[in-house]
Each structure stands twice: as structure tokens, then as C-alpha cells.
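> Here's a sequence, model it:
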Amino acid sequence: MTRPLVTILDDEPEIRSLLADVLEEAGFDTLSFGRARAFEAALATHTPDVCLVDLSLPDTDGLTLVHRLALERGAIVIIISGRAQVQDRVTGLELGADDYIIKPFDPAEVVARIRARMRSVKPATKTGNVATFNGWTAHFERYTLEDEAGTETTFSHAEGEVLRLFLDAPKRLISRAQMQSSLGGVASESFDRAMDVRISRLRTKLREDPKNPQLIKTIYGAGYIFLGDVTWI
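Residues are numbered from 1 along each chain as shown. Alright, predicted model coming up:
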């Protein structure tokens, strides 16, 4: 069985070595990089399952890289950073990161977070990886939403997780607890905030009126419900 590949991008050699050792012992393959340029060059020949990314990189802005990874690669992106401010965490999640781990960290927690995120990446429960609904087509194999005119808008891996959850259970209430259980998160204020951010971004990409969305409805105090007519291809 192929071992999942985790890439580690951090300019501190000790952290790269620590993470590589604990991850390989836990059953993952790893590739480590101290510079974003070398990391991005490696993506031409390697397809990581998970990208661990430090924000304080010497040759690029880590947040810009996170956003590009989330939109273009479809990989699970986990930020590992010494930036502990709430705004840094919110910005990272808004740009498409799946999780945010603050330094110093317990290596066992990193392994647990990776496994939790990978458990949430499940194969389609319906036939195929394409769903149509209300004039839209969601292509999960290439992370795009296509409208009736054929115009495509990309969505991140994290946004795709939430969208698939809705499309797998249309017209049924999905509570915060169900989201946390299905997506492998930890019940917390930051998890709730991450869900709010992802749903807001999905609404924008689906061109919903933020004051009166027609597809993704908020049921205050209970959760969300997706009102589209969904067909899996």
C-alpha cells in the first residue's frame, strides 16, 4: 500500500527533521524543504497528500503560498506557525488552509491533526466525482464550479469538503456537531469560525445574495441546510 506523502516547508532544519522523523515513524513518506522555491519546483514531479507550511519563509509570503496551494493543488494544507494572533489564524483559514497549528507544538498532535484531516477526505458516496445542482456543476476532481455558460470558478480543498457534505445530504439539516464529526475538526470557536468562513466563500462563488441566500440556508441555533436539487454523475 502506498504511504501518504507529506511535504514539510519550514526554514528551521530542526523542525523539518523533527517532523520528518515522527511522520515517517507514523507511516507517512515525507519531503522537506527550507525554501518555497525548491518546494514549488518539487510539485512538478510530486503530488503531496498533505502540505505543512510555515508562514515565516525567507523567500516568499507564506500566506500567498497557502492560498495558491489551496486553489491550484487541491492538497490538504496545514499551517504550522509561530504567529499566534487570532487574526493570523483567521486569515490563514480564509485563504484556504484546512488547519492551523501554533508553534511550539507537540509532534503527536501534528500526526493526529493530519490523520483527522485525511479521514475527512472520503471517496464520493455517490457515483462519480461530479454533481449538478440548480444550474451549477461541481467538479471535485479538479476543484471547480461551472455555471450554465461554462464559466469555471475554483474552490479550495477545504471549501470542497463542506460543499460535498451539503451535496451528499441536500434538504437535510446539518448541525455544527455533524460538521465537526464529518470533517474531523475539534469542537471549538476556531472550528466554528472556519466553517463560517468556508460557507461564506462558497456562497460568494455560487453568487448568492449574502442577505438572502437561496441554496445554503442558515438555521440559526441549529446549523445549515442545502436547498438545491442535486444529481451525481
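> what are the ranges of the strands in this protein?
5-9, 29-33, 50-53, 76-81, 99-102, 130-133, 136-139, 144-146, 152-154, 174-175, 216-219, 223-226, 230-232 (DSSP state E).
> just the helices in this protein please.
13-25, 36-42, 62-68, 86-94, 107-119, 157-168, 176-183, 189-205 (DSSP state H).
> Find the residue ranges of this protein scoring beneath the pLDDT cut-off.
1, 71-74, 120-128, 184-190 (pLDDT under 70).
> domains of this protein?
5-119, 130-232 (automatic domain parsing).
> which residue is nearest the centroid of this structure?
residue 158 (2.6 Å; C-alpha atoms, centre = their mean).
> Test my guess that it contacts residue 70.
Yes - contact status for residue 158 versus residue 70: in contact at 6.7 Å, counting by C-beta atoms under 8 Å. C-beta here means a position set from N, CA and C on the backbone, and glycine is covered the same way.
> Need the residues touching each of these two.
77, 96, 97 (C-beta atoms under 8 Å, 6 or more residues apart in numbering).
> how close does the first one sit to residue 65?
Right, residue 77. Per C-beta to C-beta, to the nearest Å, residue 77 is found 9 Å from residue 65.
> what do you get for residue 56?
12 Å.
> Which one's more surrounded, these two?
residue 65 (21 against 13; other C-beta atoms under 10 Å).
> That one - nearest residue in space that isn't next to it in sequence?
Distances taken as C-beta to C-beta, 6 or more residues apart in numbering place residue 36 nearest to residue 65, at 5.7 Å, with adjacent residues excluded.
> How many residues are close by that neighbour?
Neighbours around residue 36, by other C-beta under 10 Å: 20.
> distance of it from residue 84?
For residue 36, the distance to residue 84 - C-beta to C-beta - is 22 Å.
> Please export the C-alpha coordinates of stretch 220-233 as CSV.
Coordinates of the C-alpha atoms in stretch 220-233 are reproduced here as CSV (Å, rounded to 0.1, in the frame of the first residue of the first chain):
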residue,chain,number,x,y,z
TYR,A,220,-29.9,29.9,13.5
GLY,A,221,-29.1,27.9,16.6
ALA,A,222,-29.3,24.6,14.6
GLY,A,223,-27.0,24.5,11.6
TYR,A,224,-27.3,24.7,7.8
ILE,A,225,-29.5,23.2,5.1
PHE,A,226,-28.7,23.0,1.4
LEU,A,227,-31.9,23.5,-0.7
GLY,A,228,-30.6,22.6,-4.2
ASP,A,229,-31.8,19.7,-6.3
VAL,A,230,-28.6,17.5,-6.6
THR,A,231,-27.8,14.9,-9.2
TRP,A,232,-24.5,13.0,-9.0
ILE,A,233,-22.9,11.9,-12.3
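> can you list contacts of it?
By C-beta under 8 Å, 6+ apart, stretch 220-233 touches 124, 126-128, 130-134, 136, 166-167, 169-176, 178-179, 199, 214-219.
> List the buried residues of it.
223, 224, 225, 226, 228, 230, 232 (16 or more other C-beta atoms under 10 Å).
> now do stretch 32-39
32, 33, 34, 36, 39.
> ok so, going back, go through the strands of the chain and name the closest to residue 195.
strand 223-226 (8.6 Å; C-beta to C-beta).
> sorry, back to before: quick one: which of the buried residues of stretch 220-233 is nearest to residue 151?
Nearest member of these to residue 151, counting by C-beta to C-beta, is residue 228, at 18.3 Å.
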